[in-house]
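*Asks:* show me the folded form of this:
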Amino acid sequence: MNARKVLLIDDDEAVVSYLAVKLGKHYDVVSTTDSRFAVAMATQERPDVVLCDIDMPHLTGGEVAAALAGDARTAAIPVVYLTSLVSPEEARELQG
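*Replies:* Got it, this is the predicted structure:
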């Protein structure tokens with residue numbers, strides 16, 4: 001049986017490295033620190049879930065999620081936001 005695959009997207013290399021080590025024990029992990037490559041990676045890698053930072057240069061986490069949702073090849077992939085910078089109000093806006 002193949003392990004589930006996680007796509008990590010975060011502009012902080014330390015965060016990506018840490019999560020890759022922790023999650024790599026149980027999942028196949030692919031990652032990028034450049035949000036501009038997120039949709040292409042998701043299309044190519046077909047992850048089971050995307051873990052995505054919100055506050056990034058180039059494309060924000062919300063923009064990445066919208067791009068994934070707008071592409072039929074990636075629309076069904078769940079996106080989980082990684083951040084410590086979101087207020088409850090911002091979290092509600094991202095859901096909707």
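*Asks:* so where's the protein uncertain?
*Replies:* 1-2, 84-88, 90-92, 94-96 (pLDDT under 70).
*Asks:* which helix runs longest in it?
*Replies:* The single longest helix within the chain, with elements called by DSSP state H, is helix 13-24.
*Asks:* buried ones in it?
*Replies:* 15-16, 19, 23 (16 or more other C-beta atoms under 10 Å). (Glycine included, C-beta is placed from N, CA and C.)
*Asks:* next one: stretch 45-53
*Replies:* Result for stretch 45-53 [16+ other C-beta under 10 Å]: buried residues 45, 47, 50-53.
*Asks:* now stretch 49-65
*Replies:* For stretch 49-65, using 16+ other C-beta under 10 Å, the buried residues are 50-56, 59-65.
*Asks:* which one is residue 36 nearest to, not counting chain neighbours?
*Replies:* residue 58 (4.9 Å; C-beta to C-beta, 6 or more residues apart in numbering).
*Asks:* residue contacts, the one you found?
*Replies:* 34-36 (C-beta atoms under 8 Å, 6 or more residues apart in numbering).
*Asks:* most neighbours, which of those?
*Replies:* residue 35 (21 neighbours; other C-beta atoms under 10 Å).
*Asks:* gap between that residue and residue 65?
*Replies:* 11 Å (C-beta to C-beta, to the nearest Å).
*Asks:* identify the contacts common to those two.
*Replies:* residue 52.
*Asks:* now the helices for this protein?
*Replies:* Listed in chain order (using DSSP H), the helices of the chain are 13-24, 38-45, 61-69, 88-95.
*Asks:* who wins for proximity to residue 80 among those helices?
*Replies:* Among those, the nearest to residue 80 by C-beta to C-beta is helix 61-69 (9.8 Å).
*Asks:* report all helices and strands that that closest one contacts.
*Replies:* Here helix 61-69 touches helix 38-45, strand 49-53, strand 79-82, helix 88-95, going by 3 or more C-beta pairs under 8 Å, 6 or more residues apart in numbering; DSSP states H and E.
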